[in-house]
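**Student:** what's the 3D shape of this:
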Amino acid sequence: EDVYTVEVTAMAEGFEPSSATAEFEVYAMKLEAPEITADKRIARHLGAEIRWSEVPVAEQYAVTVQREEENGTVTLYHEKKVKDLSFELLPSEMKPGRYTVSVTAHALYCTPSDPAEAEFEVYEQQLVAPEVTAPVTVVGGIDFDISWKSVENAEMYHVEIMDGSYKRIYNVSLGSQTVSRTMRLGEYLPEDTLTLRVIASADYRVNGVAEWTMTYKPLYSYEVVDGNAVITGYNGPDTVLYIPMRINGYEVTAIGDGAFEGKDSLVEVYLPESITSIGDRSFKNCTALQYIEGDGVTEIGAEAFYN
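**Tutor:** Residues are numbered from 1 along each chain as shown. Okay, the predicted model is just below:
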């Protein structure tokens, strides 16, 4: 870019030369600014496609993308050269927040255009919380079923159970086609109020979380007496019951007073040889009980089998 002088001289034999001069200025043509098209709000999981109008003569475009953060501005791309009329941001490149994009047209021997700018907001779509069906009481060692309604756009479900101190005692991840689960908890956890959480998740979306409260009861309640277990209660549904020889490592030596009282589902009961004592009212009002076997029993309390 400068001012130039051109001189043209006419010459012929026998004639004086004749000259003419002229001045002209050479400048670089400034390109027009493109017009950007971008949505004002963009869901992160969809990614962002930024488009702009074609500029005559332009050979390529420089794209700059910045995100506003609490500590300042983060530049994702700085004058990224592209020949197309669009630029794509992938979900993995984006985070929720406000973005500024600028596009400048470039061509050889031309002055770049002024940058065209646009702003947009990226957000994460909130998944709906699953609608859960589950029991209100669960018993250790006994299967129970939970189910939930499918959540639109969910890619995975996570099932968690926390105890009363919110410590996770169960955790599993399931595919998007799974909407039910048969579960079983340990037989001898402390009686507690549990929180069941079913979480719908998908990449670049906000989880949908449902919570359900359940009461946990151990299969057997017991006391430790002289280093041995004395059964004091039973919470299971069995009709034919085989009482274990050990509970939590303690040898079972006795059935405590009223331990099975009123359990009208029991039909048959088999005691291990380690049990030597059946307490008062242990099986009182077990109206369906027809048979009990206990080769080691040497002591039976009052009204142990009274109906």
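**Student:** make it CA atoms for all contacts and neighbour counts henceforth
**Tutor:** Noted.
**Student:** hang on, isn't Val198 packed against Arg181?
**Tutor:** No. Val198 is beyond contact range of Arg181, at 10.7 Å (criterion: Cα atoms under 8 Å).
**Student:** ok, Gln66 - contacts?
**Tutor:** 73-77, 99-101 (Cα atoms under 8 Å, 6 or more residues apart in numbering).
**Student:** so which of the residues you listed comes closest to Leu90?
**Tutor:** Nearest to Leu90 among these is Leu76, at 11.5 Å by Cα to Cα.
**Student:** which helix or strand contains the closest one?
**Tutor:** strand 72-82 (DSSP states H and E).
**Student:** just to revisit the earlier point, just the buried ones among the contacts of Gln66, please.
**Tutor:** 99-101 (16 or more other Cα atoms under 10 Å).
**Student:** quick revisit: the strand holding Leu76 pairs with which strands?
**Tutor:** strand 60-69 (antiparallel) (DSSP bridges).
**Student:** buried sites along the partner strand?
**Tutor:** Quick answer for strand 60-69 (16+ other Cα under 10 Å): 60-67.
**Student:** pull the most distant pair out of these.
**Tutor:** Maximum pairwise distance among the buried residues of strand 60-69 (Cα to Cα): 23.5 Å, between Gln60 and Arg67.
**Student:** one step back: what about Val198 and Arg181, which has more around it?
**Tutor:** Val198 (25 against 15; other Cα atoms under 10 Å).
**Student:** surely that one is in a helix?
**Tutor:** No. Under DSSP: H, G, I helix; E, B strand; the rest coil, Val198 falls outside any helix and is assigned strand.
**Student:** please shift the residue numbers so they start at 30 in all later answers.
**Tutor:** I'll keep to 30 as the first residue from here, and by that count the last item is Val227.
**Student:** report the contact partners of the residue nearest to it when sequence neighbours are not counted.
**Tutor:** Excluding its sequence neighbours, the residue lying closest to Val227 (Cα to Cα, 6 or more residues apart in numbering) is Val188, at 4.7 Å. Contacts were defined as Cα under 8 Å, 6+ apart; by that measure Val188 touches 199-203, 225-228.
**Student:** what do you get for Thr38?
**Tutor:** By Cα under 8 Å, 6+ apart, Thr38 lies in contact with 46-49.
**Student:** likewise Thr166?
**Tutor:** 243-246.
**Student:** then Ala62?
**Tutor:** 84, 133-134, 142-145.
**Student:** now secondary structure, neighbour count and distance to Thr34 too, for the residues you listed, in TSV please.
**Tutor:** Output for the contacts of Ala62, formatted as TSV (DSSP: H, G, I helix; E, B strand; the rest coil; neighbours: other Cα atoms under 10 Å; distance: Cα to Cα, whole Å):
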residue	secondary structure	neighbour count	distance to Thr34
Val84	coil	20	32
Thr133	strand	23	33
Ala134	strand	29	31
Ser142	coil	20	29
Asp143	coil	15	31
Pro144	coil	19	34
Ala145	strand	17	37
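**Student:** now render the residues you listed as CSV, adding distance to Ile175 and pLDDT.
**Tutor:** Putting the contacts of Ala62 into CSV (distance: Cα to Cα, whole Å; pLDDT from 0 to 100) gives the following:
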residue, distance to Ile175, pLDDT
Val84, 60, 97
Thr133, 57, 98
Ala134, 59, 97
Ser142, 62, 96
Asp143, 61, 97
Pro144, 57, 97
Ala145, 55, 97
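**Student:** Val132 contacts Pro63, correct?
**Tutor:** Yes. Applying Cα under 8 Å, one finds Val132 in contact with Pro63, separated by 7.2 Å.
**Student:** out of the two, which sits in the busier spot?
**Tutor:** Higher neighbour count among Val132 and Pro63: Val132, with 28 against 24, using other Cα under 10 Å.
**Student:** how about that one, nearest residue that isn't a chain neighbour?
**Tutor:** Val92 (4.7 Å).
**Student:** gap between the one you found and Ser230?
**Tutor:** Distance, Val92 to Ser230, by Cα to Cα, to the nearest Å: 33 Å.
**Student:** show me where pLDDT drops low in the protein?
**Tutor:** For the chain, the stretches with pLDDT under 70 are 30.
**Student:** how much space separates the most centrally placed residue in it from Val157?
**Tutor:** Among the residues of the chain, the one closest to the centroid is Ser230, at 3.9 Å (Cα atoms, centre = their mean). As judged by Cα to Cα, Ser230 and Val157 stand 10 Å apart.
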